[in-house]
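Chemist: here is my input; please provide its structure:
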Amino acid sequence: MPCHFVPFPRLRRQPTIVVDSTALGAALVLAHWRGAPTPGHLRDDTSAGSVLRALRQANPAVVGNWAVTANHFDVDGFVGVWSLLNPELALAHEPLLRLTATLGDFRELDWTNPLADHALQLVCWLNAREKGLFYPPFGAPTIRRREDEASAEKFEWFLPRFAEVLLNPESGRAAWEPEFERVRRAAEVMHSPGTQLTRYPEIGLVVVRTPEPLPYYALFGPTAGFDMVLSLYDGQRYEFEYKYTTWIDLESRPTLPRLPLDALVAKLNTRETTTRRWTADQVTDTGPLLRLSGKGLPKTARYADPDQRQIYASSISPEALEQTVVAFFRERYASIEPRRYWSWAEIRGAGQI
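Modeler: Numbering: from 1, shown residues only. Okay, the predicted model is just below:
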């Protein structure tokens, strides 16, 4: 009997492979979460990548009658679960699935890759159907349900339907086309003379100067290999973000640990002369934002694209803001060496140096 999906709360009823999550009692964990007990030879940048490694190696732990689950629904986790249930088809399309998982989690897309459009179509189809039929990412609390329970309905709907769009993306065009075209237009802006990128590799920062807020799939594409993005928009509107690449255990390269942003927030607030205040999320957030707001954003809004939320004008010039942010991280990262597999305890310790 092949692998089969079970809702997360049922994982202890039978030997279960846990994807893109961690859980006591799992027979095997295939996740890139920080500290997840994924076997070393199966570690990958994405959880779906770990699944594909296991399938490629014909790992005995993923062959046969296993239950498979995840405690939430997102592109990376779904691709991993689906691949375990459809191993031959998954391995036949491994490069595409890897690209899709990377785009879903890190929002990075190499537009020169011949599979880029197909991966974007798959992600946009998943996004559109998820929002239209269920609830948006991190939206389970709004319907007063737990994500590990409510997400099972998403898996049960998508699992038997994904292969059709994988093999024939035209079958899902009505769903994926609106977001796909929005991202394509935004990517043209990112590659136009109106957008300038300044890279600071010693601190892992990319500064993006572009006229208006853009979807993440376009904004983060040229930032691959970097872990922080400072976006400078016309009208002195700004956002800084730690990318998801520093929330997980990235396999492909070393990273610097996240640092608490309280001191940077305080410094910016001493210079800000508008009535609004700079705020920042905690380092344990999946994608901490530093922005001028006056109040925090709910998780659904932080996860949504920058062009879907209000970004306020600051009194600080873009040049001054860039200099302040760069100086802050240069000073605090000066004595820290990049490496792999930071624990959360080590990250908190680095923030106290």
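Chemist: now do the phi/psi pair for Gln196.
Modeler: The phi and psi values for Gln196, taken as degrees, to the nearest 10, are phi -120, psi 140.
Chemist: separation between it and Ala224?
Modeler: Distance, Gln196 to Ala224, using C-beta to C-beta, to the nearest Å: 17 Å. Bear in mind the C-beta positions are built from the backbone N, C-alpha and C, glycine included.
Chemist: neighbour count winner among those two?
Modeler: Taking other C-beta atoms under 10 Å, Gln196 and Ala224 do not tie; Ala224 has more neighbours (15 against 10).
Chemist: residues contacting the nearest residue to that one once chain neighbours are set aside?
Modeler: Among residues not flanking Ala224 along the chain, Glu108 sits closest, at 4.4 Å (C-beta to C-beta, 6 or more residues apart in numbering). With contact set as C-beta atoms under 8 Å, 6 or more residues apart in numbering, Glu108 has these partners: 102, 220-221, 223-224.
Chemist: then Met190?
Modeler: Neighbouring residues of Met190 by C-beta under 8 Å, 6+ apart: 208, 210, 214, 218-219, 221-222.
Chemist: ok, now with 10 Å
Modeler: Contacts for Met190 (C-beta atoms under 10 Å, 6 or more residues apart in numbering) come out as 111, 197, 208, 210, 214-215, 218-223.
Chemist: check the secondary structure at the residue nearest to Ala224 for me.
Modeler: coil (DSSP: H, G, I helix; E, B strand; the rest coil).
Chemist: buried residues in the helix or strand of the chain with the lowest mean pLDDT?
Modeler: The helix or strand of the chain with the poorest confidence is helix 299-303; it has a mean of 87 (mean pLDDT, DSSP states H and E). Neighbour-count burial for helix 299-303, counted by 16 or more other C-beta atoms under 10 Å, picks out 299-300, 302-303.
Chemist: sorry, back to before: which of the contacts of Met190 scores worst on pLDDT?
Modeler: Lowest pLDDT of those: Trp111, 93.
Chemist: count of neighbours near that residue?
Modeler: Residues within reach of Trp111, counting by other C-beta under 10 Å, total 15.
Chemist: distance of the closest residue to Phe180 other than its chain neighbours relative to Tyr242?
Modeler: In this structure, Phe180 finds its nearest non-sequential neighbour in Cys124, 4.7 Å apart by C-beta to C-beta, 6+ apart. Relative to Tyr242, Cys124 is positioned 25 Å away (C-beta to C-beta).
Chemist: residue ranges with poor pLDDT in the stretch 51-200 of the chain?
Modeler: For the stretch 51-200 of the chain, applying pLDDT under 70 flags the ranges 61, 63.
Chemist: quick one: the helices in it, in order.
Modeler: 75-85, 87-92, 94-106, 116-133, 147-158, 162-167, 173-190 (DSSP state H, counting those that start in this stretch).
Chemist: can you list the domains in the chain?
Modeler: The chain breaks down by automatic domain parsing into domains covering 4-185, 194-350.
Chemist: can you say which of those is packed in most?
Modeler: domain 4-185 (a mean of 19; mean count of other C-beta atoms under 10 Å).
Chemist: quick revisit: so which of the helices of the stretch 51-200 of the chain gets nearest Leu261?
Modeler: Nearest to Leu261 among the helices of the stretch 51-200 of the chain is helix 94-106; the distance by C-beta to C-beta comes to 20.5 Å.
Chemist: the closest one packs against which elements?
Modeler: Contacts defined by 3 or more C-beta pairs under 10 Å, 6 or more residues apart in numbering; DSSP states H and E place helix 94-106 against helix 47-56, helix 75-85, helix 87-92, helix 116-133, helix 162-167, helix 216-219.
Chemist: please identify which of those is closest to Ser252.
Modeler: In terms of C-beta to C-beta, the element of the helices and strands packed on helix 94-106 nearest to Ser252 is helix 47-56, at 9.4 Å.
Chemist: now that closest one against helix 75-85, angle please.
Modeler: Helix 47-56 and helix 75-85 are oriented at 20 degrees to each other (axes from the mean of the first three to the mean of the last three C-alpha atoms, to 10 degrees).
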